[in-house]
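Visitor: Below are the sequence and a predicted model; questions follow.
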Amino acid sequence: MVTSARTGAGSAAEAGAQAYQLIAELYPICRSITGEGNRETLRKLREHIPLQIHEVATGTQVFDWEVPKEWNIRDAYIKSASGERVVDFRKCNLHVVSYSVPVKARMTLEQLQPHLITEPSYPAWVPYRTSYYKETWGFCLSHNHLAALPEGEYEVCIDSTLAAGSLTYGDLLLPGKTADEVLISCHICHPSLCNDNLSGIAIATLLAKALGTRELRYSYRVLFIPGTIGSITWLALNESRAARIKHGLVLNNLGDPGKPHYKKSRCGDAEIDRAVVHVLKHSGSDYEVLEFSPYGYDERQYCSPGFNLPVGSLTRTPHARFPQYHTSADNLDFVQPQYLADSFAKCLAVVDVLENNARYLNCKPKCEPRLGKRNLYGTVGGLRDVPDQQLALLWVLNLSDGNHSLLDIAERSGLAFGLIQSAAEALARTDLLTKLEV
Ligand code: ZN
């Protein structure tokens, strides 16, 4: 496919390695929906892309919600009577329920029990839990770990603060020829979880980096936001800008071995839906397309009826469908550079479709023009591709009546977008075809 030739398998592999490296760097940071961990994450991303970091004050009204208190945590542990840290936040930040209020107490295991969360179906893994909207505290640990804790008295400490502060998000606008925007959105609110949050963050960062070196048709807005409250906040504060979003993708779970899944926008047949489905169909590997549902990630907000933006969601294994989901097993072994590379290449291929999808007009529409005398057969590719290349020329000429876009032609002909695009570009260099400015 022309797209992969342009991005190059080598550069995709390189991007996969870079994405993995970035994930490894961000993995130890304790993120949540607010707090210092999010700022630290965004500051690290700013070493790669010129991100703007925004702060929105606690209490700010955002549609039916308000920006919550800011949560910060310095340390947490459960100590045995002998002073040993038997559960230690410093070893694994999933051990503390996110948004836990501070606690400093001595209690028996029985008294502690209601505050301990395990995942008995995966007894070796530490679950990840949150308590954003109810002020409580808790520890998560593996079921095996809990089973091994002896009865007795324990010292419990969560050194956290939950106080007025702000919600932090990152925003990058890459200006293109038009003010119409393509939105790339990912959530940054999970602590040490690789596939769920860090893979989306890493791919969005590398995508922004790659697009930053290109002449762009669209403007690209890349958002790094806490899930749900972040997209609600951005939409509430940028309501007029949201109308500029013509295409969008929510990125997450892009580093696992599962096949790619695309969840369509609420519109269902938006150009982004068609572009992603086209890329997956011609990728040569297995994939699945899911219809829209009002559940999942931030597409829920972008596709709420008051906005109804054409925003779909690209993942490998979707939300909650892998056993490692929201556990300590969503780690640096679970995500792998080759899957990140594949996800990155697919994102770039989608961008290539959006950037190059255009309408052309056949200037000699009465019967077929003679291609041979214009050296069109000679200009195209290696011999083995000739039949498809010729077919692409004929399809482009036939459907370029001003009403069909290159993506329409690609879909109808069954040929890859890159092939149709190359044919249109070759024809446009002659007197046969002219591009209609969009
Ligand atoms: Zn999650």
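Guide: Looks like it arrived, so ask away.
Visitor: Show me the chain divided up by domain.
Guide: Structural domains annotated on the chain: 12-68+166-356, 70-163, 359-435, as defined by automatic domain parsing.
Visitor: For the first one, what is the distance to the chain centroid?
Guide: It stands for domain 12-68+166-356. Domain 12-68+166-356 sits 2 Å away from the centroid of its parent chain (Cα atoms, centre = their mean, to the nearest Å).
Visitor: repeat for the second one
Guide: Between the centre of domain 70-163 and the centre of its chain there are 30 Å (Cα atoms, centre = their mean).
Visitor: Start from the N-terminal end of the stretch 1-150 of the chain and give the strands.
Guide: Secondary structure of the stretch 1-150 of the chain by DSSP state E, counting those that start in this stretch: the strands cover 52-57, 61-62, 65-66, 70-79, 85-88, 103-108, 116-117, 139-140.
Visitor: sorry, that was for the stretch 201-350 of the chain
Guide: Using DSSP E, counting those that start in this stretch, the strands of the stretch 201-350 of the chain run over 219-225, 245-251, 261-263, 288-290, 311-315.
Visitor: Take those strands and lay them out in JSON lines including distance to W125.
Guide: (C-beta placed from N, C-alpha, C; glycine too.) Supplementary listing: those in JSON lines, determined by distance: least, Cβ to Cβ, whole Å:
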{"stretch": "strand 219-225", "distance to W125": "27"}
{"stretch": "strand 245-251", "distance to W125": "25"}
{"stretch": "strand 261-263", "distance to W125": "23"}
{"stretch": "strand 288-290", "distance to W125": "26"}
{"stretch": "strand 311-315", "distance to W125": "21"}
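Visitor: Among those strands, which comes closest to T60?
Guide: T60 sits nearest to strand 219-225 of all the strands of the stretch 201-350 of the chain, at 14.2 Å, using Cβ to Cβ.
Visitor: Run through who's touching the closest one.
Guide: With Cβ atoms under 8 Å, 6 or more residues apart in numbering as the test, strand 219-225 has contacts from 41-42, 45, 49, 51, 169-176, 178-188, 201, 204, 207-208, 211, 230-231, 233-234, 244-245, 298.
Visitor: From these, list the buried ones, please.
Guide: For the contacts of strand 219-225, a burial check counting by 16 or more other Cβ atoms under 10 Å picks out 41-42, 45, 49, 51, 169-174, 176, 181-188, 201, 204, 207-208, 211, 230-231, 233-234, 244-245, 298.
Visitor: on that earlier part again, and among the domains of the chain, the most buried is which?
Guide: Comparing the domains of the chain by mean neighbour count (mean count of other Cβ atoms under 10 Å), domain 12-68+166-356 comes out on top with a mean of 20.
Visitor: could I get the domains of the chain as JSON lines with mean pLDDT?
Guide: Converted to JSON lines, the domains of the chain look like this (pLDDT from 0 to 100):
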{"stretch": "domain 12-68+166-356", "mean pLDDT": "98"}
{"stretch": "domain 70-163", "mean pLDDT": "97"}
{"stretch": "domain 359-435", "mean pLDDT": "91"}
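Visitor: Surely A358 touches A428?
Guide: No. Assessed by Cβ atoms under 8 Å, A358 is found out of contact with A428, at 9.8 Å.
Visitor: Span of stretch 396-410 from start to end?
Guide: One end of stretch 396-410 sits 9 Å from the other (Cα to Cα, to the nearest Å).
Visitor: Many thanks, we can stop here.
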